[in-house]
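> fold the following, please.
(chains A and B)
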Amino acid sequence: MGVMTYREALNLALREEMRRDPRVFILGEEVGVYEGAYKVTQGLLPEFGEKRVIDTPICESGFTGVGIGAAMLGLRPVVEMMTFNFAILALDQIVNTAAKLCYMSGGQYNVPIVIRGPGGPAHQLAAQHSQSMESYFYHVPGLKVVRPSTPRDAKGLLKSAIRDDNPVIFIEAETLYGLKGDVPEDPEFTIPLGVAEVRREGTDVTVIAYMGMMYRSLEVAEELERDGISVEIVDPRTLRPMDIDTIIGSVRKTHRAVVVEAGAGFAGMGSEIVAFITEHAFDDLDASVERVTGANAPMPYARNLEQLKTPSKEKIKAAIRKVCYA
Amino acid sequence: MAQAKTVLSSKVDVELARRLYFQMFLIRRFEEKAAEMYALGKIGGFLHLYIGEEAVAVGATSVLRSDDYAVSSYRDHGHCLAKGSDPRRMMAELFGRRDGLSKGKGGSMHLFDKSVGFLGGHAIVGAHLPLAAGAAFAVKYQGGDQVVLCSFGDGAVPQGEFHESLNLASLWKLPVIYLCENNRYAMGTAIHRALAQTEIWRIAETYRIPGEVVDGMDVLAVRDVVGRAVARTRTEHTPTLIEARTYRFRGHSMRDPSAAIYRTKEEVEREKQRDPIALFRDRCLRDGILTEADLRALEKEVNDTVDDAVAFADASPEPPDEWLLADIYKE
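Numbering: from 1, shown residues only, chains lettered A, B, ... in the order given. Predicted coordinates for the structure are as follows:
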């Protein structure tokens, strides 16, 4: 076990998987000579060479398609999106091709590709560089979608994503790259996709949140503890497939739930989780499920408006109090 | 770099002539039968016929090795058959039956046959061009000497993915042959209304790769030009852009039966005079390569093959309900 940053954990996962499996290679803008716009691929070019760490021109659709074609023939590409906001340029390749190939070929072809990079709200990057992109992908059968909140998860889940035989959308957060935590150094350490993690045990209410919103909810939970409200926090980690059992199990214990998400609420992850809870645990609920979501607006640049756009501690706290009637 | 060449058709021996004629005639009959089955309601959805363009797929594929790859667009029956796929399983796929290549879940626009290296029919215009580059990337990565033949229509040329792919294939020296089947209409839009550069092969020069143009109605000319490209690509890993000038005798799809809005009857009739199958048939007779009896025997064999494919497809059961949720992910 070693303490390292989220960025270093991702780097270690890439390095270990490239050492383990010669079919794994990295493709993307600035991943080689520049060592990654966010330095996730630092040191990989010197170790693995130009054959396996490949700088691309700015053509997301083209290089994502190259990754998909290579995966059809048995390679295991890791395609980096400099930020996930740019993945929209490759949305056709991801949604119409990568996600569908296994199905529409009757299982003859499969696409073991990982598409990774930072996404989610950042600091004053405004409308085109500061979006929660996961909702574009988790709607699509054939894709898996991962959002790892800790350095340990970043390593364990990325390794599983690379070993998975299906297309995996792996969205990191640029606000978490410097976050430090304990990370197992065992090269065989992995975390299975589709398994949620209870981040904090509690008895009164379940909060479901990931990435930055999970950390904000943890702070809220500590503050509410002093007021006698015990908050349990579940981090789904993989959004598709979603670990419904862990979420429902927690709700059955606490009888109350709040879903927090940074993205806009309309047709968002929160809607889906609320639907799951009402379908599977309605009779266990002592209050209707609350959602705290990003405002239904593009991300503004101005600092004060940016803060308004994203769920605040106050809003999370108010939602928890509401479901607890406290 | 890029050069236009008038290619003289090379010599053809009896065995090759048989093979080329059989395959072109098979594609023609297979599709005529598919059109019939569509009219009877046995085939649904979209059905894009390749009739008139057979010389391109057959000529090009005839110079590939069995371990080379091919990939195509939604107009994919010809390429799949030429690559050696089983007509029975193809027809069953068109019928949406369980013995279809994709278990009935792909249909006409999504034929895939891994057993013959056919990387699929792809129904989003231009989307399979980067895929072809990716397959070629994998070949090179793995140290192989296979080539990837990527067929697409002139309608894909304005797409960004065409240009992104040619740029990447040239930069990275990928063993891919981009074969544009220029039938002059992107659905109902004539080429001069869609492309600033209608001499598609000239675009190769922009990407510093060889570009050639060929008469797509002459199966031997296609064979020659693609053959040269394959030899170069296999040894030097240089991509090539080839423009084969051809014509589709039918509408864009079965839902565009007359194709009369955007082109004249006179034009269609004029082009039908250059039917690639009739041209090759005449040439075989004229040069004494095959006799009328030889050709008739081949035609009979094709007719039997297609009838058998239809009978097989019709007898194949519908896919079971539980297949709806199978193959979404590889387990």
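> how about the helices in the chain?
Just so you know, I chose chain A. Secondary structure of chain A (DSSP state H): helices at A:6-20, A:44-48, A:60-72, A:91, A:101-104, A:134-138, A:151-163, A:211-225, A:244-254, A:269-281, A:303-309, A:313-324.
> let me rephrase: I mean chain B.
Under the criterion DSSP H, helices of chain B are mapped to B:14-39, B:54-61, B:77-82, B:87-95, B:128-141, B:160-171, B:191-194, B:203-206, B:219-236, B:265-272, B:276-286, B:292-315.
> right, so of those, which gets closest to chain A?
For the helices of chain B, proximity to chain A was assessed by Cβ to the nearest Cβ; helix B:128-141 is nearest, at 2.1 Å. For the C-beta atoms, the positions are set from N, CA and C on the backbone; glycine is no exception.
> return the most buried member of the helices of chain A.
Mean neighbours per residue, mean count of other Cβ atoms under 10 Å in any protein chain shown, is largest over these for helix A:60-72, with a mean of 29.
> output the contacting helices and strands for it.
When contacts are defined as 3 or more Cβ pairs under 8 Å, 6 or more residues apart in numbering or on different chains; DSSP states H and E, helix A:60-72 packs onto strand A:24-28, strand A:76-80, helix B:128-141, helix B:160-171.
> what's the spacing between residue B:269 and residue B:275?
Residue B:269 is 11 Å from residue B:275, where distance means Cβ to Cβ, to the nearest Å.
> please read the previous query as pertaining to residue A:55.
On the measure of Cβ to Cβ, residue A:55 and residue B:275 end up 49 Å apart.
> neighbour count winner among the two?
Legend: neighbour count by other Cβ atoms under 10 Å in any protein chain shown for residue A:55 and residue B:275, higher for residue B:275 (20 against 16).
> follow-up on the earlier one: can you add mean pLDDT, mean neighbour count and distance to residue B:152 and give the helices and strands packed on helix A:60-72 back as JSON lines?
Below are those laid out as JSON lines (pLDDT from 0 to 100; neighbours: other Cβ atoms under 10 Å in any protein chain shown; distance: least, Cβ to Cβ, whole Å):
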{"stretch": "strand A:24-28", "mean pLDDT": "98", "mean neighbour count": "24", "distance to residue B:152": "23"}
{"stretch": "strand A:76-80", "mean pLDDT": "98", "mean neighbour count": "27", "distance to residue B:152": "23"}
{"stretch": "helix B:128-141", "mean pLDDT": "98", "mean neighbour count": "29", "distance to residue B:152": "6"}
{"stretch": "helix B:160-171", "mean pLDDT": "98", "mean neighbour count": "22", "distance to residue B:152": "8"}
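> pull the contacting residues for the residue positioned nearest the centre of chain A.
In chain A, the centroid-proximal residue (Cα atoms, centre = their mean) is residue A:147; its distance is 1.3 Å. Applying Cβ atoms under 8 Å, 6 or more residues apart in numbering or on different chains, one finds that residue A:147 lies in contact with A:120, A:134, A:171, A:173, A:210-211, A:236-239.
> just put these in TSV and tack on distance to residue A:94 and pLDDT.
Converted to TSV, those look like this (distance: Cβ to Cβ, whole Å; pLDDT from 0 to 100):
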residue	distance to residue A:94	pLDDT
A:120	18	93
A:134	13	96
A:171	12	98
A:173	19	95
A:210	21	98
A:211	20	97
A:236	21	98
A:237	20	98
A:238	17	98
A:239	15	98
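> top of the residues you listed by number of neighbours, please.
When neighbours are counted by other Cβ under 10 Å, residue A:210 leads the contacts of residue A:147 with 31 neighbours.
> correct me, but it touches residue A:233?
No: contact between residue A:210 and residue A:233 fails when scored by Cβ atoms under 8 Å: they sit 10.0 Å apart.
> check the offset of stretch A:12-25 from the chain's centre.
Its chain's C-alpha centre and that of stretch A:12-25 lie 21 Å apart, by Cα atoms, centre = their mean, to the nearest Å.
> ugh, wrong one, stretch B:73-90
Stretch B:73-90 sits 8 Å away from the centroid of its parent chain (Cα atoms, centre = their mean).
> could you tell me the end-to-end distance of it?
Start-to-end span of stretch B:73-90 (Cα to Cα, to the nearest Å) is 15 Å.
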